[in-house]
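> Okay, structure incoming, though there's no sequence with it:
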C-alpha cells in the first residue's frame, strides 16, 4: 500500500536527471537569460505550479528547483512574474515587458 507508493516515489526521484546549469550558462549571458526569463514569465509561473503538484518531488526538491530557477533568471520569479496565471491573459501578460529587440 502506502509503503510501496513511497518506494516508487523514491525510485522515480532517482531517475530524474536535471540539465547541468553550467551547460546553459555557457551558451547565454546573464543579461540574455534574464531577458528570456522576463519574456516567458507566464510559462515560468505555469512551470512552478506544475512543480508544486508533482507527486514524484519532495517539498525540499520543489523548493530547491524554485531557488535554482530564481538564480538562473537573476530575479525572484514570484516577484517579477507574479504567482497567478490565467489562460485568457497570455497575450496581455506578454506585453508587460518590453521586447528585447
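Sure thing, it's come through. Because the structure is predicted, anything quoted here is derived from the model rather than measured.

> any weak-confidence spans in the protein?
9-26, 86-101 (pLDDT under 70).

> Can you show me the helices along it?
2-15, 21-27, 30-39, 41-53, 59-73, 77-81, 90-94 (DSSP state H).

> a markdown table for those, including mean neighbour count?
The way it works is simple: take the backbone N, C-alpha and C, and place the C-beta from them, glycine included. Below are the helices of the chain laid out as a markdown table (neighbours: other CB atoms under 10 Å):
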| stretch | mean neighbour count |
| --- | --- |
| helix 2-15 | 10 |
| helix 21-27 | 9 |
| helix 30-39 | 16 |
| helix 41-53 | 15 |
| helix 59-73 | 14 |
| helix 77-81 | 17 |
| helix 90-94 | 12 |
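
> ok, the nearest residue to residue 69 once chain neighbours are set aside to residue 4 distance?
Setting aside the residues directly before and after it, residue 69 is nearest to residue 77 in space (CB to CB, 6 or more residues apart in numbering), at 5.8 Å. Residue 77 is 35 Å from residue 4, where distance means CB to CB, to the nearest Å.

> now residue 66
Per CB to CB, residue 66 is found 29 Å from residue 4.

> Also residue 64?
According to CB to CB, residue 64 and residue 4 sit 26 Å apart.

> Pull the contacting residues for the residue nearest to residue 69.
37, 41, 44-45, 48, 66, 69-70 (CB atoms under 8 Å, 6 or more residues apart in numbering).

> Recalculate using a threshold of 6 Å.
Applying CB atoms under 6 Å, 6 or more residues apart in numbering to residue 77 gives the contacts 44, 69-70.
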